[in-house]
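>>> model this:
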Amino acid sequence: MESPISSLSERDRATLYSYVNVADGVAEFWGDLCEVVIHNLENMDNSVMHIVNGHLSGRQVGAAISEVTLSFLNRMMAEPNFKHLHYFAKNKRGENFKASISAIVGESGNIIGLFCLNMYLSSPLTALIQCMTPGENAKQENISETFVENTTELMLHALEEVKKCVYSNLAISSSNKNKEIVSILYQKGIFNLKDSVITIAEHLGISKNTVYMHIRNMNK
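Numbers count the residues shown, from 1 in each chain. Here you go, the predicted structure:
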């Protein structure tokens, strides 16, 4: 089967392999009912370079691209704005699934691979529910996530949460509370954000040099 690309550059290969972790993460999120496939279009006869839950289709690494996927690829290459789609289909066993195909674009702007999801719908509803609920052996973490509109709001929200925790902790002396607040914010990665030192210093009522001092002391 003729390939639409002659060869991949090292950067293109790195781009393709960067999707492997994404594929594994998506498959882990959706569970055993979701097949995730990465196609490398350098060789269409064995384009499947990575597959998770391949038992759903009976494929494995080295399998060829399917006829349906190939037809959509040809359309993607012909229409520049057409880079992803989803559709419903049946496999050869008559099992229904919902499929998604997204183009992976290389450094030259050409399609070098495909990222595909196949969610099988014939499985019992209880199986899907089981995938979406924590199991008995799953880590039960009490996580509260707040979505914000900008990084300033993110910094201030994190600061207020940490202040509540530190101020209520009687084991932390008054003279060390700001140091502890900066330490916790540092562990959360807040100081990787632009202007975070200035923002935190202003709302704590201390100088930015004091914040830098606390950060330096943690890195010693």
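
>>> Output stretch 203-220 in PDB, but only the C-alpha positions, please.
What follows is stretch 203-220, C-alpha atoms only, in PDB (Å, rounded to 0.1, in the frame of the first residue of the first chain):
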ATOM      1  CA  HIS A 203      -1.000  39.700  49.000                       C
ATOM      2  CA  LEU A 204       1.100  38.500  51.900                       C
ATOM      3  CA  GLY A 205       2.300  42.000  52.700                       C
ATOM      4  CA  ILE A 206       6.000  41.100  52.400                       C
ATOM      5  CA  SER A 207       8.700  42.000  49.900                       C
ATOM      6  CA  LYS A 208       9.500  40.000  46.800                       C
ATOM      7  CA  ASN A 209      13.000  39.600  48.200                       C
ATOM      8  CA  THR A 210      11.600  37.800  51.200                       C
ATOM      9  CA  VAL A 211       9.800  35.400  49.000                       C
ATOM     10  CA  TYR A 212      12.900  34.800  46.900                       C
ATOM     11  CA  MET A 213      14.800  34.200  50.200                       C
ATOM     12  CA  HIS A 214      12.300  31.600  51.300                       C
ATOM     13  CA  ILE A 215      12.600  29.900  47.900                       C
ATOM     14  CA  ARG A 216      16.400  29.900  48.000                       C
ATOM     15  CA  ASN A 217      16.400  28.400  51.400                       C
ATOM     16  CA  MET A 218      14.200  25.500  50.200                       C
ATOM     17  CA  ASN A 219      16.600  24.800  47.400                       C
ATOM     18  CA  LYS A 220      19.700  24.600  49.600                       C
END
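
>>> Show residues contacting it.
For stretch 203-220, the surrounding residues in contact (C-beta atoms under 8 Å, 6 or more residues apart in numbering) are 156, 159, 178-179, 181-183, 186, 191, 197-198, 200-201. Yep, even glycine has a C-beta here, placed from its N, CA and C like the rest.

>>> quick one: which of the residues you listed has the most company?
Each of these was scored for neighbours by other C-beta atoms under 10 Å, and Val182 scores highest at 28 neighbours.

>>> Could you list the low-pLDDT ranges of this structure?
Counting by pLDDT under 70, the chain shows low-confidence ranges at 1-6, 123-146, 220.

>>> how about the strands in it?
Here the chain has its strands, by DSSP state E, at 34-40, 48-52, 84-90, 96-105, 111-120.

>>> Relative to the last one, what are the paired strands and their orientations?
Strand 111-120 has these partner strands in its sheet, going by DSSP bridges: strand 34-40 (antiparallel), strand 96-105 (antiparallel).

>>> got the contact list for the shortest one?
In other words, strand 34-40. For strand 34-40, the external contacting residues (C-beta under 8 Å, 6+ apart) are 8, 16, 19-20, 23-24, 26-27, 47-54, 56-57, 59, 65, 69, 97, 104, 112-120.

>>> cool, the last one as well?
Contacting residues not belonging to strand 96-105 are listed as 15-16, 19, 35, 38, 56, 69, 72-73, 76, 83-91, 111-122 [C-beta under 8 Å, 6+ apart].
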